[in-house]
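K.L.:
got a structure for you, letters missing:
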């Protein structure tokens, strides 16, 4: 998983190296780097791991709990906030 996340971070850096800042003054490269490092964190939940091992989403208390993007999006907002990005940028980045 670390290799995948590193690859996403590297690709994000390449894609955003020269794009400047967003409407809120945050560097796109910094926003993209943050999102790259946390985008799959929802895959580490016990429910998602059970789903991978059993290949059965129906064993979860609710199928929605097997969607790693929901938790990843919440964590992304927290990570962006911790890095000091503008709240508007945080909301726009995870839509």
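P.N.:
Nice, I can see it. Since the model is a prediction, treat every value here as computed from it, not as a measurement.
K.L.:
so where's the protein uncertain?
P.N.:
89-95 (pLDDT under 70).
K.L.:
quick one, helices of it?
P.N.:
2-16, 28-38, 46-54, 68-82, 87-93 (DSSP state H).
K.L.:
Ok, which of the ones you listed comes nearest residue 61?
P.N.:
Shortest distance between residue 61 and the helices of the chain, using CB to CB, is found for helix 46-54: 7.5 Å. Yep, even glycine has a C-beta here, placed from its N, CA and C like the rest.
K.L.:
got the contact list for the closest one?
P.N.:
Helix 46-54 has contacts (CB atoms under 8 Å, 6 or more residues apart in numbering) with 42-43, 57, 59-61, 65-66, 68.
K.L.:
Mark which of these are buried, thanks.
P.N.:
When the contacts of helix 46-54 are checked for burial by 16 or more other CB atoms under 10 Å, the buried set is 42-43, 57, 60, 65-66, 68.
K.L.:
Kindly reformat these as TSV containing distance to residue 36.
P.N.:
TSV is the format used below for those (distance: CB to CB, whole Å):
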residue	distance to residue 36
42	14
43	14
57	26
60	27
65	24
66	23
68	15
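K.L.:
Which of these sits closest to residue 81?
P.N.:
residue 42 (17.6 Å).
K.L.:
tell me, what residue is most central in this structure?
P.N.:
When CA atoms, centre = their mean is applied to the chain, the residue found nearest the centroid is residue 39 (2.1 Å).
K.L.:
count of neighbours near the nearest residue to that residue once chain neighbours are set aside?
P.N.:
Of all residues not flanking residue 39 in the chain, residue 72 sits nearest, at 5.6 Å (CB to CB, 6 or more residues apart in numbering). If you count neighbours by other CB atoms under 10 Å, residue 72 ends up with 21.
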